[in-house]
Structure formats: C-alpha cells, structure tokens
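Give the three-dimensional model of this entry:
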Amino acid sequence: MNVLARLDRYQRRHRWAGMPLAVVYKFFDDQAAYLAALLAYYGFVSLFPLLLFLVAILSAALHGNPQLQQSVLHSALGEIPVIGDQLGHNIHSFHGNGAALAVGVIGSLYGALGVAQAVQHALNKIFAVPRHARPDPLRSRARGLSFLVLLAVGLVLTTALSTAESAADIFGTRLAVGVRVAIGVAGVVVNAALLLLSYRLMTRRRLPLRVMYGPALGAASAWQALQWGGSYYVGHVLRGATATYGMFGIVLGLLAWIYLAAVVYLATAEIIAVRSLRLWPRSLLTPFTDHVHLATGDLRAYRSYAATESFKGFEKVSVRFGEPPPPAVGDKGPP
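Below is the predicted model of the structure:
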C-alpha cells in the first residue's frame with residue numbers, strides 16, 4: 001500500500017501522469033465503450049445506403065465525363081477503406097437510378113439521424129449537460145440534420161483532397177511526393193476542424209477552443225491511421241480469401257473499423273471534457289474501493305454525474321461527501 005500511496009501522490013502532483021489517468025477513469029465512468037457501440041450500430045446501418053446514395057448522385061452528376069466520374073468515385077470510396085475498395089472494384093454494378101436514389105435517401109436518413117441522436121446523447125453525457133438543458137426531440141433532430149450537413153461538407157472536402165492526391169502524378173515524381181504530403185497535412189487539418197465543429201454543434205455547453213485544438217489534431221491523425229489500417233486489412237488480410245470468408249471478413253472488419261472510429265471520437269471528447277471541466281486529478285484507487293480519500297477531480301466528477309441526471313430546471317441536486325468508511329478487518333487500506 002505504501003507503493004500505491006506514493007504513486008497516487010506522484011500522479012496527483014504531475015499533470016503528465018494524472019491527466020491521462022483522469023481521462024481513462026472518466027471514459028469508464030461514462031461507459032463510453034457502450035456509447036461507442038451504439039454509434040457503431042447506427043453507423044453500420046447508415047453506411048451502405050449512404051454509399052449507394054453517393055454513387056447514384058455522382059454517377060448522375062458526372063454522367064458526361066466517365067473518366068472524371070471514375071476518379072471521383074474511387075476517391076470518395078477510398079475514404080471508407082474496408083468496404084470502399086470492394087465497391088470500387090464492382091462500381092459497374094451501381095448505376096444512378098431512381099430506385100437506388102430512393103433507397104439511399106431513406107436508409108441513409110434513418111441511420112444518419114440515429115447516428116446524430118446517439119452523438120448528441122453521448123456528448124451531452126460526457127460534457128455533463130443536465131437532461132433539462134438538452135434539446136427536446138424536435139430540436140435535437142433539427143440539430144441532427146445540421147450535423148448531417150456538416151458530414152456532407154466534410155465528405156465533399158475529403159473527396160476533393162483524395163481526387164487531387166490521385167492526380168498528383170501529373171506534376172512529376174519528385175513534386176508529386178511534396179504534393180501528397182501537403183494534401184495529407186491538409187486532410188488532417190480539415191478533419192480536425194470538422195471534429196471541432198461537431199463537438200460545438202452537438203453539445204449544449206460552451207467549449208473553449210483553447211482546450212480543443214490539441215485533442216482534435218490528435219484525433220484527426222488517429223483517423224488517418226485508421227484509414228491506413230483499413231486499407232492494409234483489405235490489401236493483406238482479405239486478399240485471396242474465399243467468397244464466404246471474405247464476406248464475413250468485410251462485415252467484421254467494417255464493424256471493427258467503425259467502432260474504433262467511434263472510440264477515437266468519444267475518447268477525444270473525454271480529453272476535452274477533463275480539461276474544460278477541470279476533472280483532474282483523480283485518486284488512483286477510487287474506481288476500486290470506498291476506502292479512499294477523494295481528490296478534487298473526483299469531487300467535481302461525481303457532482304457533475306449527479307447534476308447531469310436532473311430532468312427539470314427547478315430540480316435541485318446537491319451532493320455531500322462524508323468521511324470514507326474504515327477499512328475492513330484484515331485490510332489496512334491506504335495509509
């Protein structure tokens with residue numbers, strides 16, 4: 001116990017050790033892994049009709065220029081590495097038509113609104129927004145539509161960057177490397193900006209930008225790594241697989257990819273919440289036992305969790321902490 005006590009005192013005094021611990025503890029306090037699973041479900045439901053909708057729109061809009069049509073389609077589908085390559089190799093079977101457009105609009109709207117609602121619920125929980133301060137069902141869906149517009153703008157921008165990257169060879173080998181690097185950096189910046197906008201749009205709490213820049217850039221870099229990982233999975237794991245195994249591999253790989261993306265998104269929100277709500281430091285042993293003296297971050301966190309569950313503006317929630325109970329017989333507890 002003396003070792004644990006020394007570790008606890010050290011991480012409380014040093015931000016570089018205590019801040020990550022506070023983020024991990026809040027991640028599990030909020031059950032963010034389950035929230036990420038909810039995002040993954042709605043994301044999986046909406047992804048296929050969304051891609052069908054995208055292919056139908058681009059096929060119709062670029063019908064007069066087949067070469068540009070193929071370039072843009074492959075660049076857009078490349079943003080979804082696990083399934084995008086599969087659709088890209090079978091693009092001839094997808095043509096813009098009324099049925100595809102109708103199915104795409106209805107399916108993607110249902111799934112995407114589910115994603116938007118799940119994102120609002122998760123972020124409002126993470127940022128400790130009381131239930132009475134959250135939007136009502138109509139306003140939350142209107143806010144969800146704004147979120148979908150933001151996603152559409154992001155898809156257009158990233159598709160434009162991917163198309164420019166695929167055309168970089170026209171500048172020559174040496175210049176093409178520099179162009180690809182510049183486009184990669186621009187992609188990270190664009191994704192970071194989209195993350196910042198999504199957090200501020202979908203949360204009913206003022207979030208200072210100064211605590212958001214670093215986590216957003218880190219999340220955008222992690223997103224880029226996930227895209228590379230998905231491309232590697234398709235190119236090396238699924239290559240040469242049988243049709244049955246390949247289909248299961250695609251579905252499971254896509255689910256895992258969406259879930260990891262949701263975890264990155266929510267973990268970034270947790271970092272911002274810990275920084276903006278000052279939920280650091282936390283006690284090292286607080287998740288494991290009641291025989292612990294709470295740190296200031298613990299007190300703020302537990303008060304915010306209780307206040308988050310207030311359903312009415314005139315409902316007053318107060319939290320009082322007594323002395324921790326004595327250790328059980330035979331348990332010395334923390335000194």
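
ok, Pro281 touching Ala22?
Yes - in this structure Pro281 lies within contact range of Ala22 using CB atoms under 8 Å: 6.5 Å. (Each C-beta comes from the backbone N, C-alpha and C, glycine too.)

Quick check: neighbours shared by these two?
Taking CB atoms under 8 Å, 6 or more residues apart in numbering as the criterion, Pro281 and Ala22 both touch Gly297.

neighbour-wise, which of these two wins?
Ala22 (25 against 21; other CB atoms under 10 Å).

can I get the CA coordinates of the host helix or strand of that one in CSV?
Element membership for Ala22 (DSSP states H and E) is helix 15-29. The C-alpha trace of helix 15-29 is given here as CSV (Å, rounded to 0.1, in the frame of the first residue of the first chain):
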residue,chain,number,x,y,z
ARG,A,15,-0.1,16.7,-14.9
TRP,A,16,1.5,14.4,-17.5
ALA,A,17,0.7,11.4,-15.3
GLY,A,18,-2.6,12.5,-13.7
MET,A,19,-4.3,13.9,-16.8
PRO,A,20,-4.3,10.6,-18.8
LEU,A,21,-5.4,8.7,-15.7
ALA,A,22,-8.4,11.1,-15.2
VAL,A,23,-9.3,10.6,-18.9
VAL,A,24,-9.3,6.8,-18.6
TYR,A,25,-11.3,6.9,-15.4
LYS,A,26,-13.9,9.3,-16.9
PHE,A,27,-14.1,7.2,-20.0
PHE,A,28,-15.2,4.2,-17.9
ASP,A,29,-17.4,6.3,-15.6
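
got the buried residues for it?
18-19, 21-23, 25-27, 29 (16 or more other CB atoms under 10 Å).

Would you mind listing where the stretch 1-150 of the chain has pLDDT under the threshold?
Along the stretch 1-150 of the chain, segments meeting pLDDT under 70 span 1, 48-111.

Would you mind putting the CA coordinates of stretch 298-315 into CSV?
Taking Å, rounded to 0.1, in the frame of the first residue of the first chain, the C-alpha atoms of stretch 298-315 are listed here in CSV:
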residue,chain,number,x,y,z
ASP,A,298,-13.1,13.0,-8.1
LEU,A,299,-15.4,15.5,-6.2
ARG,A,300,-16.0,17.6,-9.3
ALA,A,301,-16.7,14.5,-11.4
TYR,A,302,-19.1,12.8,-9.0
ARG,A,303,-21.0,16.1,-8.5
SER,A,304,-21.3,16.6,-12.3
TYR,A,305,-22.6,13.0,-12.7
ALA,A,306,-25.4,13.6,-10.2
ALA,A,307,-26.3,17.0,-11.7
THR,A,308,-26.4,15.5,-15.2
GLU,A,309,-29.4,13.4,-14.3
SER,A,310,-31.7,16.3,-13.3
PHE,A,311,-34.8,16.3,-15.5
LYS,A,312,-36.2,19.7,-14.6
GLY,A,313,-34.7,23.2,-14.4
PHE,A,314,-36.3,23.7,-11.0
GLU,A,315,-35.0,20.3,-9.7
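
Check which residues of it are buried.
Those buried within stretch 298-315 under the rule 16+ other CB under 10 Å are 298, 300-304, 307-308.

Among these, name the ones in helices.
298, 300-304, 307-308 (DSSP state H).

Tell me the one of these nearest Ile271?
Set against Ile271, the nearest of those by CB to CB is Ala301 (14.2 Å).

for Lys316, what are its contacts?
Contacts of Lys316 (CB under 8 Å, 6+ apart): Ser310.

and it, which of the three is it?
coil (DSSP: H, G, I helix; E, B strand; the rest coil).

neighbouring contacts of stretch 23-41?
By CB under 8 Å, 6+ apart, stretch 23-41 touches 114-115, 118-119, 121-122, 125-126, 255, 258-259, 262-263, 265-267, 270-271, 273-274, 279, 282, 286-287, 301, 305.

Counting neighbours, which of those end up buried?
By 16+ other CB under 10 Å, the contacts of stretch 23-41 give 114-115, 118-119, 121-122, 125-126, 255, 258-259, 262-263, 265-267, 270-271, 273-274, 279, 282, 286, 301 as buried.

So which of these are in helices?
Short answer: the buried ones among the contacts of stretch 23-41 in helices (DSSP H) are 114-115, 118-119, 121-122, 125-126, 255, 258-259, 262-263, 265-267, 270-271, 273-274, 301.

Alright, calling it a day.
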